[in-house]
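Enquirer: just the structure for this:
(chains A, B and C)
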Amino acid sequence: MQALRKHIHPGWFIIAPLLILVATLYLSPILNILWLSVTDPEPGFGNYAKLGESDALVRIIWTTVRICIITTIFSVTLGYSIAYAMVHCHQKQKNYMLTLLLLSFWISILVRTFSWLMLLGRNGLVNGALQDIGLIAEPIAFMRNELGVLIGMVHYMIPYAVLPLLVSMEALDKRVMDASRNLGATGTQTFWRIYLPLTLPGLVASTLLVFILSLGFYVTPAVLGGGKVLMVAEYISVQLLVTLKWGTAAMLAALMLFGVLAMLWIMSRFMKLSTVFGGAAR
Amino acid sequence: MQDKQFMKEMLTDSAHAYKDGRMDRRTFLALCGASGVAMSSVMAGDAQAAADEVVMWNWGGQSVECHGSAIGDAFTASTGKGVKFDTSGPLEGKIKEMVDSGNVTADVADADLFNAVSLGPTGHLEPIDYSVVSKEKTLPGYALEYGVSVILYGYAFVYDTEAFGDNPPQSWADFFDTAKFPGMRSLYKWANGSLEAALMADGVAGDALYPLDMDRALAKIKSIKDDSLYWGSGSEAHSMCVNGEVSMGMIWQNRGRNIETDTDGRYKLVNNQALAMPGAYIVPKGNPAGAAAMQFIATAQEVPAQLALLECLGMTPSNPAAFGEIPEDQQHYAITSAMNIDKIVYNDPTWWGENGGDAVNAFLEAIS
Amino acid sequence: MLDTAPTGSLQIRDVSKLFGSFKAVDGINLEIQKGEFLTLLGPSGSGKTTLLMMIAGFLDISHGDIALDGSSITNIPAEKRNFGMVFQGYALFPHMSVRDNIGYALSVRKRPASEIRTRVDEMLELVQLQDFAERKPTQLSGGQQQRVALARALCFAPPVLLLDEPLGALDKKLRVEVQEQLKDIHKRVGTTFIYVTHDQEEALSMSDRIVIMRDGAIEQVGTPTVLYERPATKFAAGFLGKSNFVHQAGKTFALRPEKIDLRAGQGNEGARASGVIRSITYFGSMQRIIVDTSAGDEIEVDIDVWRNQEMLSEGADVDLLWNDEAAVELRET
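Expert: Numbers count the residues shown, from 1 in each chain, chains lettered A, B, ... in the order given. Below is the predicted model of the structure:
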């Protein structure tokens, strides 16, 4: 025991129960999934081999990645403008905007999804209005397709994109921008050479957050895609609940996990991820 | 043996006492510990059985009220046992998960008969006790070892009378003919019903559907894919019609009446070639209420319960004795009524139980 | 060695700044000469930083006009004014190397890389940071960062350099050293320096002229000597160095502690006042003696320790002596 104490800092004993709890609650389900992916229905890498055999699986994954990338680009770009506006307007307006932003967190995703149908559906308000004023003869197909999925997802993701950016922009020393102007830089130059690089950690954090959350999207693509936009999360859920192919589901879940980890690893080659996750930039 | 019996009784009594609040949790746990029994097993097993109730696992919404009034009241009156509801929806995966985890909390699941085919042989279901439940009180072929059809629902379609009022579509062949009947269609996303409709549209006779020719069915499905939407829930199917997104929509036939009402008759239900789906009650293996589940199922088979379910949920009776008693205003909407029963085709739960998983995946892959 | 920087004069005419109904700067008139080192001195809230920000172009002018070499710059945006500025806390670009920081102004003006390189090298030499060119600002000490900020602001040879409390973040010892360097650099580049501080020692040691500000207005303008020797108001006298206020014949005079002599006992020839020593504090080379006069003033006297051979002690009676010119009559404010 004495020897043990010498090698292990006593602090570890204090946090050990917590560590064990975290390990049990987080790691064991993940390990269980990995285990399931190589044991169900039979031991081996048969589930992973399906990726090579089934065009459909590859297509589902590709659809998912494509939609997530487009969603991320739009959410983060729009989120960046919103965060910028919030940081640079008056405190009172900023509070309004923040309230509206947070308000959307409290509205269930189902309600939001169906609201889009009411608004942009075939007989929705927008199509109705456009037809009434004679701008279009046939309703525009905003919904029940990939465009609909993207609209719904971007709408859902924007608050998630805004928050990390807001934190990053608020932490910025405004005098640095004054300094740039003072040194003769135009607004555009200041943005590209100073503002953007300095908010890059927030931008990366927001991109990661939105992309990873988008990967798990399920309700929005199912409803707004008219059933034709099948993403991995929904496919996994069907395999778990309907077709009972738990091995396939586990394999896809593991694949998403590894995909995200690989993405983080690649990014860590180019930048210090600790700055993205709020660590000190040194 | 004597010892074990005593122990069990003591624990059951304690569980009662604990539930009623006469015994605190710590004492109860100590007793469980002393007799080497995990608390959960006592609670889940004997304790709940002793609590004199049956837990029905259904899909929530209207069905809680309807199952309660149509079956629960009569069941309680005849057995003295209560009925409770778990509304989380007994999908096949959830039943499997519940039984595999050893923590079975439901007695009767409102599922599909094909679930009985796929989950029964793998040991996830209790066999139906046909000394309590009657094979005569359902359609022939729908009383299986692990499940019995208590109601029927169906896949039919509705059409937009403003689009096709003069020359209404009559069959699945018309449904799939987007040249003659232009407009969007909606189909069920999880393959069931959609495949059969496609085959009938392609000329397969209603009594020669099984085994399903998947390639042929999917080819037909794909032929109208650009004009199709796919729904995953009854409310979605409903809204696609009510919002005018489709000119013809496959629906669960029990929704037909609502859609006709909600659109002021603009959409009309077509029952010709409707596919009758045996909705079944199945019992998860090791269910807490034990044999009482069978009495509950038997109660649901009785004619008054059958008619009450039709009235309340639009679910069609599967007990032939009830067919003749379907009231006038329900005739049109009940697929086993005198006016419909000759037009319908029947789902084969055995084919679906054995091939459903692959069929769903193949369908999803075809439409996505 | 260095290109002679262009240098400009500034004319500030009746300039005011209102924040709502609050007058932060109130009707300032000021001429700043070419190549001058001018300090805006005042407590916080006196309007000195607001005035500087208006000169820089970061704040709009509510009323009045600012001109460079006679032509108005009031409507020219900050980025077109070509004024260098050293910010409080330096505001260096943390993601750029020292070299890129210094060369930024030339780089945004799209000057050729070779020219930027040469000019930045000159600047690095000027502030003696040749060995730190590739470091990031966070890898430098406070003093080094201050020098980078200075080099960055001077790199494009601005006619006017604005400095906003540039030494505020440094410790006292370093500050004295940097003051010397700043003065030296001012001499070498010849640019007009407008320097904001609340530290009177800094102001006295570096400036050609000092503007003492109070409540958004100018209290007094002058060379350090004039301001120190002949403060016009009680505020100016009290803010710049230490001062006693003596009331005689219905007037108030400012009297610097080091300009008073002490004699033991009472009735000495030429005594201007007499009193009792309340306390004596030892400061190494000098002693600070506080005397309560019979007229009711409290007077502080600084005398060299070597002169206190008479062994003055607390409670002793003393006479106070001073020359006529030591007592400065103050304007009522």
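Enquirer: can you pull out the helices in the stretch 101-250 of chain B?
Expert: Secondary structure of the stretch 101-250 of chain B (DSSP state H, counting those that start in this stretch): helices at B:113-119, B:161-164, B:172-175, B:194-201, B:214-223, B:234-242.
Enquirer: any chance of these in a markdown table, plus distance to B:N319 and mean neighbour count?
Expert: Quick note: C-beta positions are derived from backbone N, CA and C, even for glycine. Below are the helices of the stretch 101-250 of chain B laid out as a markdown table (distance: least, C-beta to C-beta, whole Å; neighbours: other C-beta atoms under 10 Å in any protein chain shown):
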| stretch | distance to B:N319 | mean neighbour count |
| --- | --- | --- |
| helix B:113-119 | 15 | 26 |
| helix B:161-164 | 34 | 15 |
| helix B:172-175 | 28 | 22 |
| helix B:194-201 | 24 | 25 |
| helix B:214-223 | 31 | 18 |
| helix B:234-242 | 23 | 21 |
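Enquirer: for A:M169, find the nearest of those helices.
Expert: Of all the helices of the stretch 101-250 of chain B, it is helix B:234-242 that lies closest to A:M169, at 40.2 Å by C-beta to C-beta.
Enquirer: still on that earlier bit, make TSV out of the helices of the stretch 101-250 of chain B and add mean pLDDT and distance to A:T113.
Expert: As requested, the helices of the stretch 101-250 of chain B are exported to TSV (pLDDT from 0 to 100; distance: least, C-beta to C-beta, whole Å):
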stretch	mean pLDDT	distance to A:T113
helix B:113-119	95	28
helix B:161-164	94	27
helix B:172-175	97	27
helix B:194-201	97	23
helix B:214-223	96	25
helix B:234-242	90	11
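Enquirer: can I get those in JSON lines including distance to C:A24?
Expert: Listed next are the helices of the stretch 101-250 of chain B as JSON lines, based on distance: least, C-beta to C-beta, whole Å:
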{"stretch": "helix B:113-119", "distance to C:A24": "78"}
{"stretch": "helix B:161-164", "distance to C:A24": "71"}
{"stretch": "helix B:172-175", "distance to C:A24": "77"}
{"stretch": "helix B:194-201", "distance to C:A24": "74"}
{"stretch": "helix B:214-223", "distance to C:A24": "74"}
{"stretch": "helix B:234-242", "distance to C:A24": "61"}
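Enquirer: what is the neighbour count of the residue of the stretch 201-350 of chain B found nearest chain C?
Expert: When scored by C-beta to the nearest C-beta, the stretch 201-350 of chain B has B:G232 as its residue closest to chain C, at 48.5 Å. Using other C-beta atoms under 10 Å in any protein chain shown, B:G232 has 16 neighbouring residues.
Enquirer: for the residue nearest to it when sequence neighbours are not counted, give me the backbone phi and psi.
Expert: Among residues not flanking B:G232 along the chain, B:K189 sits closest, at 4.6 Å (C-beta to C-beta, 6 or more residues apart in numbering or on different chains). For B:K189, the backbone dihedrals are phi -70, psi -30 (criterion: degrees, to the nearest 10).
Enquirer: contacting residues around B:K189?
Expert: Taking C-beta atoms under 8 Å, 6 or more residues apart in numbering or on different chains as the contact definition, B:K189 lies against A:227, B:230-232, B:363-364, B:367.
Enquirer: which one of the residues you listed is nearest to B:A293?
Expert: B:G232 (29.2 Å).
Enquirer: isn't there a helix covering C:D26?
Expert: No - using DSSP: H, G, I helix; E, B strand; the rest coil, the assignment for C:D26 is strand, not a helix.
Enquirer: from C:H95, how far out is it?
Expert: With the distance defined as C-beta to C-beta, to the nearest Å, C:D26 ends up 40 Å from C:H95.
Enquirer: please apply the same query to C:D121.
Expert: Between C:D121 and C:H95 the computed distance is 22 Å (C-beta to C-beta).
Enquirer: kindly report the same for A:P201.
Expert: A:P201 is 10 Å from C:H95, by C-beta to C-beta.
Enquirer: who's more crowded, these two?
Expert: Higher neighbour count among A:P201 and C:H95: A:P201, with 24 against 17, using other C-beta under 10 Å.
Enquirer: I'd say the more buried one and A:S168 touch.
Expert: Yes - shown here, A:P201 and A:S168 form a contact pair, counting by C-beta atoms under 8 Å, at 5.9 Å.
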